[in-house]
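Visitor: Below: sequence and its predicted model.
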Amino acid sequence: MTHSPKAGQVHALPPVELELPLGKKPRLANRGTQKRESKRAKKRKEKNGLPEPCSAEDVLWRDVIAALGQDVVDQALEDGTESDSPFEYHQELELEVSSVCSNGEAIARSPDESRPWAIIVPFALPGEKIKARIYRNARLHSFADLLEVITPNTTLRDNSRIRCQYFGTCGGCQYQMLSYETQLDWKRDVVVKAYKNFSGLSESSVPLIQATIGSPLQYEYRTKLTPHFEAPPKSARNNSASSETKPEWLKIGFNRVGTSKTMDIEDCPIATSVINEAYHSARENIAKNIYTYKKGVSLLYRDSLPVPSKSKTGKTLNSVAALSTSLEKHVCVTNHKETAREKVGDFIFEYIAGSFFQNNNSVLVPLTDYVRDAIFPTITSGSVTNDPDAQPPTHLVDAYCGAGLFAITLSPHFQTVVGIELSEDSIKAAKNNAELNKIPKQKIFFRAGDAADIFATVGDFPPEQTVLLIDPPRKGCDDNFIRQLLDFKCKTVVYVSCNVHTQARDVGKILKATEREEKGRKYVLESVRGFDLFPQTAHVESVAVLRLA
C-alpha cells in the first residue's frame, strides 16, 4: 500500500530531566558521558529548543533512544551530528522493523550500521521487512511512508481483520490488522515505558503494571465524531448554484495520516451506527449546498439517548426510575449547544453535546467499577485494609469533575462528595445530573473553579477518610495543585489519566516529595492499570492508585 507524504511533523528533541523539586524549570538530562558539548551541538540545541516535557515529541525521542542505544545518542550529540541525516528526501529504503513506538508507529534502524539512525514508519509491525520512502529528516531519526510490506509478520498481521476501507491512509487508527489481545498487550507496554521514562521512580517504587482492561466493544464504540471540510476553493467560489453531484475537490472527513490534508471519508467503523447514519445524510446535504459555505466547517455527531421534554418549570419530566424503554433508541445530536444524554449503569448523564464527555460508553461501567473497587479494596492477605485501625473512606473530592461522571457514580459509597471543574457549563451539567439521579443536595456539591481551589473548600474533611480523585486534561496537574495535594495529604489518591506520560511524571513528583520529608507517612504507588477507551488506536488511558503508608 502507498501513503501520501506526511507534513507538519515536529523534530523530536533531547530528553528532559523530570526529577525536579517542585517549581523548578526543566533542564537537560544527564547524557551519561558527562563530556562537554561541542559548540556545534550547543548551537543546534539552542536553535531547536527543548520539547515540552511528556509531549509527543519527547515520548518519541525516548523511543528513538531505546532503538539506537543511549551511548550512540550521547556520542552523536557530543559530535554535533544528530541532525546530519544520511537520507535524501523521497529516498526509498528496505528496512527491518525492530519495534513499535508508543504512538503506534513502527521504528527501524538504518541499514548502514556505520551511521546509526532511526526511521519511523506507520502501519508496519516488528519483525517485518518493508519498503519505505523518506519524507522528512529530524534529530537522529527520519519519517517515512510505508510503500510495501515485503515480508509480513504473519504471527501479528492479519489484514482480514481490517474493517475500514481507509485504514492505512486515514490517521485515525493504527492497529486494525492486530488481534485485540495484541493491542491490549502493546498498550500495557506503553504504560510500562511511560513510568520508566517519565516518573523518575526506582523500579522498586513502581508495582507490576497490570494487564490493560479492554473495551467491551472494539468497533462501533465511538459516541462522538467530528469530521470536517474546507470551503470551496477560489476557482469555484463564483459558482453559487447548488450542486447535484459532489464536486471532485470536496473532501468531507478526517486528516490523511500525518498531514493536515482532509481526505474524503464516507463512514467510520469505530463510530456507532447512529452516527454513521446521520453522517451519510449530512454528506449529501453538504455537497448540495457547498457553495453557500464561506469557510471550512467542523461537524459534530454525538450519539445520544433522546432527551425528555421539559416541564414549564424547566424540570425534566421523567427521572431515572421512570426512564421508559422507548428512550433506549438512540439519536444523533449535531448542534454543539444542544443537550446529549447517556446512561452509565444505573445513572443518567446529560451534558452540552459539544463539551467533553468520554467517547466510549461501553467501557464506562468497567472503568467506574474499577475505580470504586480500588477505593474500597477487598480484604485479602497483604491488603492495606488489613490495618485494624484503618477507617473506611467517607469523603470524596473529585478534581476536574466534568459533568460529574465519577462524583455521581461513586456517590452512593460516600457521605459527602465535592467536585470542581473550570468549565461553568460542565458544573451546571453536573448539578443537573445530581438532581436527575436523585442524589440529596446535602450530600453532593459542585463548584466552578481551578482544580487547586478545591482544597480551600475541603479543609474540614478528615484526610484519613478522604479520597482525592484526579482526572486532569492531557497536560496533567500543575505544581500548585500538587503542592496543595501534598499539604492536604488525604489517605487515598486515584489518578485517572488520558495521558499516561504526564500521569507518570505527576505520580513521580508526589512520591518523591513525600520521600524527601524526614517525618510523616509516605505515599506509595499501589497499582497502575491501563484502560482501552479507543480500540484500533495506539491510545491508552490509565488509572493509578496512591495511598499513604
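Guide: In hand now; what should we look at?

Visitor: Break down the stretch 201-350 of the chain into its helices, ranges please.
Guide: Using DSSP state H, counting those that start in this stretch, the helices of the stretch 201-350 of the chain run over 273-288.

Visitor: With the stretch 351-500 of the chain instead?
Guide: With DSSP H, counting those that start in this stretch, the ranges of helices along the stretch 351-500 of the chain come out as 364-375, 405-410, 424-436, 454-457, 479-488, 500-515.

Visitor: could I get the ones you listed as a markdown table with mean pLDDT and mean neighbour count?
Guide: The C-beta positions use only the backbone N, C-alpha and C, and glycine is treated the same way. Below are those laid out as a markdown table (pLDDT from 0 to 100; neighbours: other Cβ atoms under 10 Å):
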| stretch | mean pLDDT | mean neighbour count |
| --- | --- | --- |
| helix 364-375 | 98 | 17 |
| helix 405-410 | 98 | 24 |
| helix 424-436 | 96 | 20 |
| helix 454-457 | 88 | 17 |
| helix 479-488 | 94 | 17 |
| helix 500-515 | 97 | 23 |
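
Visitor: Just put these in JSON lines and tack on distance to Pro269.
Guide: Listed next are these as JSON lines, based on distance: least, Cβ to Cβ, whole Å:
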{"stretch": "helix 364-375", "distance to Pro269": "21"}
{"stretch": "helix 405-410", "distance to Pro269": "26"}
{"stretch": "helix 424-436", "distance to Pro269": "30"}
{"stretch": "helix 454-457", "distance to Pro269": "40"}
{"stretch": "helix 479-488", "distance to Pro269": "39"}
{"stretch": "helix 500-515", "distance to Pro269": "26"}
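
Visitor: Nearest to Gln91 among those would be which one?
Guide: With Cβ to Cβ as the criterion, Gln91 lies closest to helix 500-515 of the helices of the stretch 351-500 of the chain, at 31.8 Å.

Visitor: And for Ser309, the neighbour number?
Guide: By other Cβ atoms under 10 Å, 8 other residues sit near Ser309.

Visitor: and it, what pLDDT?
Guide: Listed pLDDT for Ser309 reads 76.

Visitor: May I see the buried residues of stretch 149-163?
Guide: Within stretch 149-163, the residues scored as buried using 16 or more other Cβ atoms under 10 Å are Val149, Pro152, Leu156, Arg157, Ile162.

Visitor: quick one, what contacts the nearest residue to the fourth one once chain neighbours are set aside?
Guide: It stands for Arg157. What sits nearest to Arg157 in space, not counting adjacent residues and going by Cβ to Cβ, 6 or more residues apart in numbering, is Met177, at 5.1 Å. If you count contacts by Cβ atoms under 8 Å, 6 or more residues apart in numbering, Met177 has them with Phe123, Leu125, Leu156, Arg157, Asp158, Asn159, Arg161, Ile162, Phe167.

Visitor: Taking those, tell me the two that lie furthest apart.
Guide: Longest span within the contacts of Met177, Cβ to Cβ: Leu156 and Phe167, 15.3 Å.

Visitor: How about the secondary structure of Tyr195?
Guide: Three-state assignment for Tyr195 (DSSP: H, G, I helix; E, B strand; the rest coil): helix.

Visitor: What of the one 5 residues further on?
Guide: Using three-state DSSP as the criterion, the local structure at Gly200 reads coil.

Visitor: what's the answer for Gln75, then?
Guide: Counting by three-state DSSP, the backbone at Gln75 sits in helix.

Visitor: what's the distance between it and Pro116?
Guide: Separation of Gln75 from Pro116 (Cβ to Cβ, to the nearest Å): 9 Å.

Visitor: Could you measure from Leu184 over to Gly530?
Guide: Computed as Cβ to Cβ, the Leu184 to Gly530 distance reads 8 Å.

Visitor: remind me, longest strand of the protein?
Guide: Using DSSP state E, we find that the single longest strand of the chain is strand 141-151.

Visitor: Quick one: mean pLDDT for it?
Guide: 97.

Visitor: repeat for stretch 185-194
Guide: Confidence for stretch 185-194, expressed as mean pLDDT, is 99.

Visitor: Return the set of buried residues in it.
Guide: Neighbour counts over stretch 185-194 (16+ other Cβ under 10 Å) mark Trp186, Lys187, Arg188, Asp189, Val190, Val191, Val192, Lys193, Ala194 as buried.

Visitor: I'd like the distance between the last one and Arg505.
Guide: Going from Ala194 to Arg505 by Cβ to Cβ gives 9 Å.

Visitor: Repeat that for the second one.
Guide: Using Cβ to Cβ, one obtains 19 Å as the distance from Lys187 to Arg505.

Visitor: Sketch out the low-pLDDT regions of the stretch 1-150 of the chain for me.
Guide: Where the stretch 1-150 of the chain drops to pLDDT under 70, the residues are 1-50.

Visitor: What is the burial count for the nearest residue to Phe481 once chain neighbours are set aside?
Guide: Spatially, and ignoring its direct neighbours in sequence, Phe481 is nearest to Ala452 (4.4 Å; Cβ to Cβ, 6+ apart). Counted with other Cβ under 10 Å, residues neighbouring Ala452 total 18.

Visitor: try Phe376
Guide: Neighbours around Phe376, by other Cβ under 10 Å: 15.

Visitor: got a list of what the closest residue in space to it that isn't next to it in sequence touches?
Guide: Leaving out its chain neighbours, the residue that sits closest to Phe376 by Cβ to Cβ, 6+ apart is His413, at 6.6 Å. Taking Cβ under 8 Å, 6+ apart, we find His413 in contact with Arg372, Ile375, Phe376, Pro393.

Visitor: Tell me the spacing between His413 and Phe347.
Guide: 13 Å.

Visitor: One more: Lys443?
Guide: 15 Å.

Visitor: More neighbours: which of those two?
Guide: The neighbour comparison of Lys443 against Phe347 (other Cβ under 10 Å) goes to Phe347, with 21 against 13.

Visitor: Bridge partners for that one, pull those for me.
Guide: Note on Phe347: beta-bridge partners Val344, judged by DSSP bridges.

Visitor: my guess is it contacts Thr409, does it?
Guide: Yes. Counting by Cβ atoms under 8 Å, Phe347 touches Thr409, with 5.6 Å between them.

Visitor: gap between the nearest residue to Arg256 once chain neighbours are set aside and Gly171?
Guide: In space, and not counting its chain neighbours, Arg256 is closest to Met263: 4.6 Å by Cβ to Cβ, 6+ apart. Using Cβ to Cβ, we find Met263 at a distance of 9 Å from Gly171.

Visitor: Overlap in contacts, the two.
Guide: Common contact partners of Met263 and Gly171 (Cβ under 8 Å, 6+ apart): Phe254, Asn255, Arg256.

Visitor: Kindly supply the ChimeraX command isolating those of those that are buried.
Guide: To isolate the buried members of those in ChimeraX, using 16+ other Cβ under 10 Å:
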select :254,255,256
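
Visitor: quick one: which of the shared contacts of Met263 and Gly171 is nearest to Arg133?
Guide: Comparing the shared contacts of Met263 and Gly171 against Arg133 with Cβ to Cβ places Arg256 closest, at 15.1 Å.

Visitor: what bridges to that closest one?
Guide: Bridge pairing for Arg256 - DSSP bridges - gives Cys170.
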